[in-house]
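**Student:** Here is my input; please provide its structure:
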Amino acid sequence: DEVAELQRALSDSHVFVWEARDTAARLQAENDGLRIQEAEDRRKIQHLLALVEPLSPDAALLVRAPLPPKAAGGTPTRG
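**Tutor:** Below you'll find the model as predicted:
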């Protein structure tokens, strides 16, 4: 029966959408946790850098320079 097939297809698509939403939510939560960890790591690095005198002024600039948006996981901006 065509109606039964359509109902099964609709049910299957609902399951697929639910699983995709679940996966997206898990990945978002993991991403949020990683961003928090990155911020904590950067804070710790800054603290450790403050405890030691850099070998040269250039060394401090290289270590403290922020990553470009693409490398930091953001989207590149046009300009």
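
**Student:** Show the pLDDT at Leu51.
**Tutor:** Leu51 carries a pLDDT score of 87 in this model.

**Student:** ok, it - how many residues close by?
**Tutor:** Leu51 has 6 neighbouring residues, counting by other C-beta atoms under 10 Å. Every C-beta, even on glycine, is put in place using the N, C-alpha and C of the backbone.

**Student:** Mind jotting down where the helices sit in the protein?
**Tutor:** 2-51, 57-64 (DSSP state H).

**Student:** By mean pLDDT, show me the worst of the ones you listed.
**Tutor:** Among these, helix 57-64 scores lowest, at a mean of 59.

**Student:** and Ala29, how far is that from Val17?
**Tutor:** Distance of Ala29 to Val17, given as C-beta to C-beta, to the nearest Å: 19 Å.

**Student:** now do Gln28
**Tutor:** The value you get for Gln28 to Val17, if C-beta to C-beta is used, is 16 Å.

**Student:** And for Ala24?
**Tutor:** In terms of C-beta to C-beta, Ala24 sits 10 Å off from Val17.

**Student:** cool, Glu40 as well?
**Tutor:** Distance from Glu40 to Val17, by C-beta to C-beta: 35 Å.

**Student:** Counting neighbours, what do you get for Lys44?
**Tutor:** Count around Lys44 with other C-beta under 10 Å applied: 10.

**Student:** for Asp12, same thing?
**Tutor:** Count around Asp12 with other C-beta under 10 Å applied: 10.

**Student:** Likewise for Arg35?
**Tutor:** 11.

**Student:** Check Leu49 too.
**Tutor:** 14.

**Student:** Tell me how far it lies from Arg43.
**Tutor:** Taking C-beta to C-beta, one finds Leu49 at 11 Å from Arg43.

**Student:** same thing with Asp32?
**Tutor:** Asp32 is 17 Å from Arg43, by C-beta to C-beta.

**Student:** Then Ala4?
**Tutor:** Taking C-beta to C-beta, one finds Ala4 at 59 Å from Arg43.
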